[in-house]
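Undergrad: below are the sequence and a predicted model for it; my questions follow.
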Amino acid sequence: MLKRKWMFGLVLVLIGSMFLAVGCPDPEVEPDPDPDPDEIVLTVAAGAVGIELELTHDLAEMYMDENPDVIVEVIDTPDSATERLSLYLSFFEAQSPEVDIYQIDVIWPGDLAEHFIDLYEYGADEVVDDHFPAIVENNTVDGRLIGIPWFTDAGLLYYRTDLLEEYDLEVPETWDELEEAAQIIQEGERVDNPDFWGYVWQGDAYEGLTTNALEWIDSNDGGTIVSPEGVITINNQNAIDIVNQAAGWVGTISPDGVTTFAEEDARAIWHTGDAAFMRNWPYAFALSASEDSAVTDVFGVGPLPAGLAGTGSATLGGWQLAVSTYSEHPEEAADLALFMANYESQKHRAIEGTMIPTIMDLYEDPDVVEAHPWFEDLFDVFINAVARPSTATAPNYSAVSEAFFTAVHDVLTGEMTAEDAFEELELDIQDVTGLEIE
Amino acid sequence: MAVKNDGASSKKSFLPRKPNFSIPARREEKLALKLLLPTLLIIGIIAFYPLAHVFYTSFTDRIFAGREETNFIGFDNYRRLLSVHIATLDPVIDETTGEIVVDPETGEVVYERPIDILPREPIRFREVNQFTLFGTRYVVGATDRNFVLAFSNTFIFTVVSVFLELVLGLAIALVVNSKFRFRGPMRAAMLVPWAVITVVSARMWEWMLAPGRAGMFNAFFDWLGVVERPIAFLAISTFQLPAMIAVDVWKTTPFMALLLLAGLQTMPEDIFEAAEIDGASKVRQFFTITLPLLKPAIAVALVFRTLDALRVFDIFQVMLGQSQYSLASYNYFQLVANRNMGLASAIGVLIFFLIFIFAISYIRMLGVQRE
């Protein structure tokens, strides 16, 4: 009897110790057994695409040199925006103070506002006027500045200068001109190269299609799906016409597979010299200009073509820095965030990594202009970039965007006409958001 | 005395927990309970608690990582997922001539538009599908179209892929079970697709299915001259599900073959020798000896594969993203992108019940419980 009790006890102790082993961290890996009470550790969750992470580390070093009592740690996050969001959400769900500063996508401020502090309370009002007003407006939710703009992005038209010259064509300024030029070049090039296409873009059913289609529609005076005032405007003739026109490109000037293309699929075709035009973000510039590209010295970038609106549109992309409400040092974190987005920091990132600055004066900075002359040329494109309706539809932007790109994708693959798709779409968006239809 | 005592206790043992229960047996039972307690505790913490939590969340409108008040909304999430409405579509009648309108291009009768027919209150029904039965045109509407499509995708995917895997896996298992040179290397080589990480193989297939001559399939069809233009397998809805099934069959047939091979190897040689002497043909031997003896192995393999296939996530997520969902990838979309934790939990619960039904019916059908 006694023996049995003893054994039972032993089993319990064994199991208990298993829990202990899991529960306690290994003493050897404990970061700092005796932390300096004056020292503050700030953690930044940042992107790691290309040399992005390296540049963020540079800024952390610069800040630590100026502020010896602060330790800045940078953690890298997944490349895919959805994966990154899922990681952030798990921190917010746990109200974790582990991360102080988050790098957030331009479409998130509306949805995630409650998890971030108002940077206006920490001195952002002094610097905010230096940045692009459209981005500041996008990041302002109920008068609170959720994130300080860090770098921006906008859709651009990449074109082959050698082919335009060969076929005696101008850089297209309207969608009709683009169609025509793409057709002419494609027919000519097909003689030697059966894999050549006129125009490549992003047509898969994902957020990237929302950005592409918003550019078509806005450039054709068809609104921005939901207006900034919160009225559903998508079901209008201009929007229908341009999406039907784009559906006509599939299989003619664009590959049939364009409806499965994301950024890198389009760039792969462009990179090997098999396309005359491409719609893509600025990141493709550095890669297209690199040694292994077939188009190294024979391409240019410019604004996307226009429709009825008369000027082309570029969808606003880019990332902001936001400070978590759960941070234990909000004041210091806000200071670091503002430092990382200031003139000198953005300049460093612009020159070293072609991160498009959000501070207007940088486009006239001699060092930046010398390193990347095309920044200056595209200033108008960046400053006029059109925002997706993420703030007007918050917190349902994801659902709205999904409904939108699904409808456009159905039109592109020929399963529906734009008339039917958008009639249904406006009701879908109303179901999700409860907003009024125009 | 001892004999009598034994008899009494064995009689009583049909009625458990009677006071006359023999003392050593009761003690043993008590000890067993004590020893089981930690296990039950751990299962409770890691399995039942999260499960109960998901059940509870599925009845709320909880937002993932939201700070709003969570409300109890009863069966609303389930109602939204499962409401289906079937309506008839009448042919459109020309107002001036009074005749049925026919599409001049296709020559087909034009029907009313589902968007005008399907109910909009209290929640709007969206068109999922149309079909014709006995000359009447019907439309199927659902309040959550994506969920209904995800359900049918997952169901078709599971049934077709598991069936193909079973047939092919059995054939492969029979081949590698016979004696031939290089049987060892052959068995190892057979397992390669199974060993490749699913996300990697999904990417690989994505490239093979690429819509251009860079894609293996399109290059092959182009060489054969059977297609005029390259096919975008992953964009056109007709090809999406077959592509998913092909990837899964390629990947998991080896696993099926492995499980069945293990079953084949336990079979004693002498039965087959006896059958041979009695003059039974190879085919007869297969159907009367091999197959019945393999039944337990098939049952195990089917349960494993079906439950896995019902939860399919990775290949849908990697290859189709948000253009077509499986139940699990739709669940992920609702949770992460839409942050709709209540609804995502309800989807999780429905997947749980679906798997439960499959598991029970397999056990019943194949008589596993008698093992």
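TA: Right, received. Where do you want to start?
Undergrad: tell me how far the closest residue to B:A299 other than its chain neighbours lies from chain A.
TA: Closest residue in space to B:A299, ignoring its immediate chain neighbours: B:L366 at 4.0 Å, by C-beta to C-beta, 6 or more residues apart in numbering or on different chains. C-beta coordinates here come from the backbone N, C-alpha and C atoms, glycine included. Relative to chain A, B:L366 is positioned 36 Å away (C-beta to the nearest C-beta, to the nearest Å).
Undergrad: let's verify the residue nearest to A:D76 when sequence neighbours are not counted: helix, strand, or coil?
TA: Distance criterion C-beta to C-beta, 6+ apart; nearest residue to A:D76, sequence neighbours excluded, is A:A48 at 3.8 Å. The three-state label for A:A48, taken from DSSP: H, G, I helix; E, B strand; the rest coil, comes out as coil.
Undergrad: how many residues are close by A:A48?
TA: For A:A48, the number of neighbouring residues by other C-beta atoms under 10 Å in any protein chain shown comes to 16.
Undergrad: okay, it: pLDDT?
TA: The predicted structure scores A:A48 at 83 on the pLDDT scale.
Undergrad: thought it was touching A:T77?
TA: Yes: with contact defined as C-beta atoms under 8 Å, A:A48 counts as touching A:T77 (6.9 Å).
Undergrad: ok, the residue nearest to B:A299 touching B:V300?
TA: No: using C-beta under 8 Å as the test, B:L366 is too far from B:V300 to be in contact (9.2 Å).
Undergrad: before we move on, the earlier item: ok, now which ones touch the residue nearest to B:A299?
TA: B:K295, B:P296, B:I298, B:A299, B:L302 (C-beta atoms under 8 Å, 6 or more residues apart in numbering or on different chains).
Undergrad: wait, which of the residues you listed is closest to B:E127?
TA: Minimum distance to B:E127 across these is 35.0 Å, recorded for B:L302 (C-beta to C-beta).
Undergrad: pretty sure the closest one sits against B:E165.
TA: No: applying C-beta under 8 Å as the test, B:L302 and B:E165 come out as separate, 9.4 Å apart.
Undergrad: so which of those two has more stuff around it?
TA: Remark: of B:L302 and B:E165, B:E165 carries more neighbours, 25 against 20, as counted by other C-beta under 10 Å.
Undergrad: the more buried one: what secondary structure?
TA: Under three-state DSSP, B:E165 comes out as helix.
Undergrad: please read off the pLDDT at it from the model.
TA: pLDDT, B:E165: 96.
Undergrad: which one is B:R113 nearest to, not counting chain neighbours?
TA: On the basis of C-beta to C-beta, 6+ apart, the spatially nearest residue to B:R113 that is not a chain neighbour turns out to be A:D420, at 7.7 Å.
Undergrad: show me the contacts for whatever residue of the stretch 201-350 of chain B ends up closest to chain A.
TA: When C-beta to the nearest C-beta is the measure, the stretch 201-350 of chain B has its nearest residue to chain A at B:P211, with 2.4 Å between them. Taking C-beta under 8 Å, 6+ apart, we find B:P211 in contact with A:P255, A:D256, A:G257, A:T260, B:N218, B:P230, B:I231, B:A232, B:F233, B:L234, B:A235.
Undergrad: give the contact list for the fourth one.
TA: Listed by C-beta under 8 Å, 6+ apart, the contact set of A:T260 reads A:G203, A:D204, B:P211, B:A232, B:L234, B:A235.
Undergrad: drop anything exposed from those.
TA: With neighbours counted using 16 or more other C-beta atoms under 10 Å in any protein chain shown, these contain these buried positions: A:G203, A:D204, B:P211, B:A232, B:L234, B:A235.
Undergrad: close to chain A: what parts of chain B are there?
TA: Along chain B, the residues adjacent to chain A under the rule C-beta under 8 Å from any C-beta of the partner chain are B:31, B:34-35, B:38, B:42, B:63-67, B:113, B:115, B:120, B:123-124, B:126, B:210-214, B:229-232, B:234-237, B:321-323, B:333, B:336-339.
Undergrad: could you rerun that using 6 Å?
TA: B:34, B:38, B:64-65, B:67, B:115, B:124, B:211-212, B:229-230, B:232, B:234-235, B:321-323, B:336-338 (C-beta under 6 Å from any C-beta of the partner chain).
Undergrad: near chain B, which residues of chain A show up?
TA: If contacts are counted using C-beta under 6 Å from any C-beta, the residues of chain A sitting beside chain B are A:8, A:15, A:86, A:89, A:92-93, A:114, A:205-206, A:255-257, A:259-260, A:398-399, A:413, A:424, A:431.
Undergrad: so how do I select the buried members of the residues you listed in ChimeraX?
TA: The buried subset of these, as determined by 16+ other C-beta under 10 Å, is captured in ChimeraX by this line:
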select /A:86,89,92,114,205,206,255,256,257,259,260,398,399,413,424,431
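Undergrad: ok, now how distant is A:A246 from A:R279?
TA: Using C-beta to C-beta, to the nearest Å, one obtains 11 Å as the distance from A:A246 to A:R279.
Undergrad: domain assignment for chain A?
TA: With domains defined by automatic domain parsing, chain A comprises A:40-146+A:317-383, A:156-315+A:390-437.
Undergrad: which of the helices or strands spans the residue of the stretch 201-350 of chain B closest to chain A?
TA: B:P211 belongs to no helix or strand when elements are defined using DSSP states H and E.
Undergrad: how about low-confidence regions in the chain?
TA: Picking chain A for this. Low-confidence segments of chain A, defined by pLDDT under 70: A:1-37.
Undergrad: try chain B instead
TA: Per-residue confidence of chain B (counting by pLDDT under 70) places the weak regions at B:1-21, B:367-371.
Undergrad: from chain B, how far off is A:D65?
TA: When C-beta to the nearest C-beta is applied, the distance between A:D65 and chain B equals 35 Å.
Undergrad: that residue - how many residues pack around it?
TA: 8.
Undergrad: state the distance from it to A:E331.
TA: When distance is defined by C-beta to C-beta, A:D65 is 20 Å away from A:E331.
Undergrad: what's the answer for B:I172, then?
TA: Distance from B:I172 to A:E331, counting by C-beta to C-beta: 66 Å.
Undergrad: those two: which is more packed in?
TA: For B:I172 versus A:E331, neighbours defined as other C-beta under 10 Å are more numerous around B:I172 (20 against 14).
Undergrad: now do the SS call for that one.
TA: At B:I172, secondary structure determined by three-state DSSP is helix.
Undergrad: and B:V140, by the same measure?
TA: With three-state DSSP as the basis, B:V140 sits in strand.
Undergrad: who's in contact with it?
TA: With contacts taken as C-beta atoms under 6 Å, 6 or more residues apart in numbering or on different chains, B:V140 has the following neighbours: B:I86, B:V128, B:N129.
Undergrad: you'd agree the last one is in a helix?
TA: No: secondary structure of B:N129, determined by three-state DSSP: strand, with no helix assignment.
Undergrad: is it in a bridge, and if so with what?
TA: With DSSP bridges applied, the residues forming beta bridges to B:N129 are B:V140.
Undergrad: quick one: the residue lying closest to A:V258 once chain neighbours are set aside from B:L209, how far?
TA: Of all residues beyond its chain neighbours, the one nearest A:V258 is A:G203 (4.4 Å), with distances taken as C-beta to C-beta, 6+ apart. Here the distance between A:G203 and B:L209 works out to 16 Å (C-beta to C-beta).
Undergrad: sorry, back to before: overlap in contacts, B:L366 and B:V300.
TA: With contacts taken as C-beta under 6 Å, 6+ apart, B:L366 and B:V300 have no neighbour in common.
Undergrad: so what's the residue count around B:G107?
TA: 7.
Undergrad: in the helix or strand encompassing B:L343, which residues are buried?
TA: Remark: B:L343 resides in helix B:341-366, with elements defined by DSSP H and E. By neighbour count, and taking 16+ other C-beta under 10 Å as the criterion, the buried residues in helix B:341-366 are B:341-351, B:354-355, B:358, B:362, B:366.
Undergrad: picking up where we left off before, neighbour-wise, which one of the contacts of B:V140 leads?
TA: Ranked by neighbours (other C-beta under 10 Å), those are led by B:V128, which has 21 neighbours.
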